[in-house]
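Undergrad: Sequence and computational prediction follow.
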Amino acid sequence: LYQERAKELLEGGLAYKCFCTDEEITAMKEKAAAEGKPPIYSGKWARASEEEVEAELAKGTPFAVRFRVPQDELVTIQDSIRGEVTWNTNTLGDFIIMRSNGLPVYNFCVAVDDADMRISHVVRAEEHLPNTLRQVLIYNALGLTPPQFAHCSLILAPDRSKLSKRHGATSVGEFEDEGYLSEALMNYLALLGWNDGTEQEIFSKEELVDKFSLERITKSAAIFDKQKLNWMNSQYIRQLDQQALGAMLARLWQQQGFLKEGSGDGEEVMPKFVEIFQEALITLNQSVDEFNTLLQYPLASTLESKKAKKCIEGGFFDVAKYIVDSYFVSGEFKELVETNPEGFKDWMKAAGKEMGKKGKDLFLPMRICMTGCMQGPDVGDQVFLVNKAEPLIASDDLVSFADRMALLRQLTEEHSKSTVEVTTNA
């Protein structure tokens, strides 16, 4: 196809055979650069006689095919985004359309292919705008109608440099691997340099198809804002049906080995996890980090922190001893955790009444004893998830409830011993 189109141009005098060597072309470019001129072809083959051409062909000299650029003409297109764009052909020298090895050059391929496939619109980056002059000249020379062009501005990084790998994910697959939903990414990308004229930011696929138009694309470069993408992804996660989100997370956890083999879809923990964390998730991958954090038990470091001082002085170890006794002595709390973790809240209220504690004096010590932290999701929900997670979740961060109670008992005994020693010394 390319050979046929090139032959058509040669026969019409709109292209010619160029026998210049690489050395000659390099010399022309260096001369033009030294004179401060653009590297426009100035070789003799643009004006060579038929006899000169035949002589080279007879010798078997390899040749390229150059397009003969008309001089002193203005070429204008109506770009859907940039409006009227005009070039003077004097800024462009005769350019190669077929190399000496018989292969076509990019701009020739594009014009021939698009015409052959009857492409109606070409939407591409502004970087291709300089190529458009060559392509339109080829269209015109072949008597073809150019497509409608639309040159979009580049998407830039926050520092306004060209977006690249160093700024993070650069392919759809990478964003998927990072836990972004396809619907959120599509929505966000559509808004980079486009809007529908309203303040609306969340669009379904159907709405985008209905409202999108090239005329609403802006000329100015768009900035890729990861924080905005994160916000949009979180909105889409919040809108998901809980069962659908649970299925997504189950697949992700299985792929990452977070769910043990034979654990199915984690149905023992997934509904409760989704209920707790759906509003907080920014990406799907964050779910693993959130669950891992919940499975940890940083009791010692929490008690050593300044923030815990007031809680310790307010009777923390009284609550801790009550929990330890209920777990290891009477076994009441141990039985509840193992058989009815949903009943934790009722047990805690009864414990508070028995100890004469309520409000923050009860809830904060209970939270620290159960989770090792001073804040987080509902304590009862955490007790439920930790208890259910042990046979299902493969995590080095998991501290089972039995191990938590053992650590709590150890700390309680050490505190009791140190208190006795202080009293004795006094």
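TA: Right, received. Where do you want to start? Just so you know, these numbers come straight off a predicted model, no measurement behind them.

Undergrad: Tell me where the stretch 1-150 of the chain has strands.
TA: With strands called from DSSP state E, counting those that start in this stretch, the stretch 1-150 of the chain shows them at 15-18, 64-67, 74-79, 83-88, 95-98, 121-125, 148-152.

Undergrad: Of those strands, which is nearest Asp346?
TA: Within the strands of the stretch 1-150 of the chain, the stretch nearest Asp346 is strand 148-152; the backing value is 60.6 Å (CB to CB). Where C-beta positions appear, they are placed from N, C-alpha and C, glycine not excepted.

Undergrad: Just send the strands of the stretch 1-150 of the chain back as JSON lines, with distance to Lys310, mean neighbour count and mean pLDDT too.
TA: As requested, the strands of the stretch 1-150 of the chain are exported to JSON lines (distance: least, CB to CB, whole Å; neighbours: other CB atoms under 10 Å; pLDDT from 0 to 100):
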{"stretch": "strand 15-18", "distance to Lys310": "87", "mean neighbour count": "21", "mean pLDDT": "92"}
{"stretch": "strand 64-67", "distance to Lys310": "82", "mean neighbour count": "22", "mean pLDDT": "93"}
{"stretch": "strand 74-79", "distance to Lys310": "67", "mean neighbour count": "14", "mean pLDDT": "93"}
{"stretch": "strand 83-88", "distance to Lys310": "67", "mean neighbour count": "12", "mean pLDDT": "93"}
{"stretch": "strand 95-98", "distance to Lys310": "78", "mean neighbour count": "22", "mean pLDDT": "92"}
{"stretch": "strand 121-125", "distance to Lys310": "59", "mean neighbour count": "13", "mean pLDDT": "92"}
{"stretch": "strand 148-152", "distance to Lys310": "58", "mean neighbour count": "19", "mean pLDDT": "93"}
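
Undergrad: Columns distance to Gly356 on top of those strands, output as JSON lines?
TA: Rendered in JSON lines, the data for those read as follows (distance: least, CB to CB, whole Å):
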{"stretch": "strand 15-18", "distance to Gly356": "99"}
{"stretch": "strand 64-67", "distance to Gly356": "95"}
{"stretch": "strand 74-79", "distance to Gly356": "78"}
{"stretch": "strand 83-88", "distance to Gly356": "79"}
{"stretch": "strand 95-98", "distance to Gly356": "91"}
{"stretch": "strand 121-125", "distance to Gly356": "71"}
{"stretch": "strand 148-152", "distance to Gly356": "69"}
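
Undergrad: Leaving out sequence neighbours, find the closest residue to Leu14.
TA: Nearest in space to Leu14, with sequence neighbours left out and distances taken as CB to CB, 6 or more residues apart in numbering, is Ala141 at 4.5 Å.
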